[in-house]
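> I would like to see how this sequence folds:
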Amino acid sequence: MGMDRNERIGIVGAGAAGLSLARRLADSGFRSVTVLERESEPGGKCRTFRAEGGNWELGAVMGTTDYRNTLDLMGKVGMEPWRSTPPDRNPEDAFVDRGFWPSERLFPGWIGIGELPEGILEILRYHILAPRYQAAFNPGHAGTPGELADSFQAWVDRHRMGVLAKAISIPYTTFGYGYYDESPAAYVLKFFEPGIVRALALQFKFFKWREGVQTLWERLAEGLDVRYSLDIREVRRGDTVSVGGIRSGDGTAFRMEFDRLILACPLDDALGFLDASEEERNLYSRILHKDYRVYLKRARGLRVPAGFAPARFDRSGIGRAMIWDERVPGTGIHSFYVLGDGAQTDPEIEAGLDEDIRAMGGEPGETVTRVRWKYYPHVSSEDYRSGWYDRFEALQGRHRTYACGEIASFSTVERVIRYSRDLAARFFE
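Got it, this is the predicted structure:
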């Protein structure tokens, strides 16, 4: 289909995928791009909690200088990468014996000096192997080598990458992506492309968002046609695409007509309103998720204000804090990150957090806020191997409908933006 700048384009979802795509289409000259959002604010999982003059991230936490697409959008809205100054902390080594490792003990410490030579060799070997996996580093999953359908643990064993796997388990497992023996290697490599691996060794490559990551999407949305608080109940596709539902603010009905529709929302959720084909229903219903939770809790006198618990990086750590941080030093508000099992209640998990705080010499206080994410949409190794992504891409444009978002590539801000821009280039420009 050729480009008609007068086409009416509807985008479902005002998160990173939908807003970056809307901006790309607007910059390409499309005059009628409308973003429909269920929530009352933009950003999706790029959510920031603001209180007491500080910003706490509840979703995306940091980026690297290799996040070129993210940095480009930040530049468009006047945001600069920010590197916070680490506070002066001297946590007691005694807490390590109880399983609570201060962030300062990552290296040397959990990654030992004796492991450094092998770790350097593994990073070099990975960069030598990287050209073989170039398709995995591209947007989407088209052309990814078949071996990457196997679990990442199998890939690690095959290529003898034990120290590298140990190092990246902190951002991978603690950021909610699960365990190496169940994740197709393609997802892990898509996260840890060579630039990100270099960032692990060169900490200055990491940055945060001083104003909070949600600010990026709020500013981006200001220049776009974004409609909030819309509960979509029905999508009917024919010569045009009809979208109807209820405005959650006042309960009134709405209906809009588009020439093309882009699903930038969770695709398994979209089955609740989409006139899905058998193929769409079969594919989208196979998407898996993680139960990932973030708790902001007050704690007085916490002796390890920022740290991690490596003993919880496997399934024995379900429901317990894997990593925590005091993003705004002096406030006493700490962010705790937890992988749940889908059944645990918040009070059950918070009781464990209180126990951990006391074990680190602190006194637990109130829970300031919490969020529970239906996180990291992905498919099993079996589905990946059987061509799930080939079938997913074959649906693009069918019934005037396209799809993007986390499942299309991987659940990081940069990966989501990169795929959205690639989708625009392939089908709209």
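> Name the next helix or strand downstream of the longest strand that the chain contains, please.
Longest strand in the chain by number of residues (criterion: DSSP state E): strand 363-378. Next in sequence after strand 363-378, counting helices and strands by DSSP states H and E, comes helix 381-385.
> what's the spacing between Leu261 and Lys45?
From Leu261 across to Lys45, the span is 22 Å (Cβ to Cβ, to the nearest Å). Placement of C-beta: from N, CA and C, glycine included.
> Which strands and helices lie in contact with the longest strand of the chain?
Counting contacts by 3 or more Cβ pairs under 8 Å, 6 or more residues apart in numbering; DSSP states H and E, strand 363-378 packs against strand 48-51, strand 288-300, helix 346-359.
> Which positions within that strand qualify as buried?
364, 367-368, 370, 373, 375-378 (16 or more other Cβ atoms under 10 Å).
> quick revisit: check the helices and strands packed on strand 363-378 for me and report the most buried one.
strand 288-300 (a mean of 20; mean count of other Cβ atoms under 10 Å).
> so what does that one touch, helix or strand wise?
Secondary elements touching strand 288-300 (3+ Cβ pairs under 8 Å, 6+ apart): strand 333-340, helix 346-359, strand 363-378.
> ok, it: who's next to it in the sheet?
Using DSSP bridges, strand 288-300 pairs in its sheet with strand 333-340 (antiparallel), strand 363-378 (antiparallel).
> Run the chain-centre distance for it.
14 Å (Cα atoms, centre = their mean, to the nearest Å).
> do stretch 403-413 as well
8 Å.
> Quote the end-to-end distance of it.
16 Å (Cα to Cα, to the nearest Å).
> Low-confidence ranges, the stretch 1-150 of the chain, go.
1-3, 86-93 (pLDDT under 70).
> now the strands for it?
8-12, 32-36, 48-51, 54-57, 63-64, 101-102 (DSSP state E, counting those that start in this stretch).
> So which of those is the most surrounded?
Comparing those on average neighbours, where mean count of other Cβ under 10 Å defines a contact, strand 8-12 leads with a mean of 24.
> So in that sheet, which strands flank it, and in what orientation?
Sheet pairing for strand 8-12, using DSSP bridges, gives strand 32-36 (parallel), strand 260-263 (parallel).
> what is the rounded mean pLDDT of the shortest one?
Throughout strand 260-263, pLDDT has a mean value of 98.
> hmm, who's touching that strand?
7-13, 18, 21, 235, 237, 241, 243, 270, 274, 400-405, 423 (Cβ atoms under 8 Å, 6 or more residues apart in numbering).
> Show me the residues you listed that map onto helices.
If you go by DSSP state H, these have 18, 21, 270, 423 in helices.
> and of these, the nearest to Thr215?
Gly18 (16.9 Å; Cβ to Cβ).
> Could you find the closest non-adjacent residue to the closest one?
Among residues not flanking Gly18 along the chain, Ala264 sits closest, at 3.4 Å (Cβ to Cβ, 6 or more residues apart in numbering).
> Using TSV, please lay out the strands paired with strand 288-300 together with mean pLDDT.
TSV is the format used below for those (pLDDT from 0 to 100):
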stretch	mean pLDDT
strand 333-340	97
strand 363-378	97
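> any chance of the ones you listed in a markdown table, plus distance to Glu118?
Converted to a markdown table, the strands paired with strand 288-300 look like this (distance: least, Cβ to Cβ, whole Å):
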| stretch | distance to Glu118 |
| --- | --- |
| strand 333-340 | 28 |
| strand 363-378 | 29 |
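> And Glu218, how far from Ala60?
14 Å.
> scratch that, Phe207
Phe207 is 12 Å from Ala60, by Cβ to Cβ.
> quick one: which of these two has more around it?
Neighbour count, other Cβ atoms under 10 Å: between Phe207 and Ala60, Ala60 has more, with 26 against 20.
> could you measure the more buried one against Gly78, distance?
In terms of Cβ to Cβ, Ala60 sits 19 Å off from Gly78.
> Stretch 229-240 - what's its average pLDDT?
Mean predicted confidence for stretch 229-240 is 98.
> how distant is that stretch from the center of its chain?
Chain-centre distance of stretch 229-240: 27 Å, with Cα atoms, centre = their mean.
> And stretch 62-75, by the same measure?
With Cα atoms, centre = their mean, you get 14 Å for stretch 62-75.
> now swap in stretch 12-24 and tell me
For stretch 12-24, the distance to the chain centre is 15 Å (Cα atoms, centre = their mean).
> do the same with stretch 242-258
Stretch 242-258 sits 29 Å away from the centroid of its parent chain (Cα atoms, centre = their mean).
> Show me what counts as buried in that stretch.
Quick answer for stretch 242-258 (16+ other Cβ under 10 Å): 242-245, 256, 258.
> Start and end of that stretch, how far apart?
From start residue to end residue, stretch 242-258 stretches across 6 Å - Cα to Cα.
> thinking again about what came up before, so the residue nearest to Gly18 versus Ile417, what's the distance?
Using Cβ to Cβ, Ala264 is found at 11 Å from Ile417.
> what do you get for Arg320?
With distances taken as Cβ to Cβ, Arg320 is found 32 Å from Ile417.
> Looking at these two, which has the bigger crowd around it?
Taking other Cβ under 10 Å, Arg320 and Ile417 do not tie; Ile417 has more neighbours (26 against 19).
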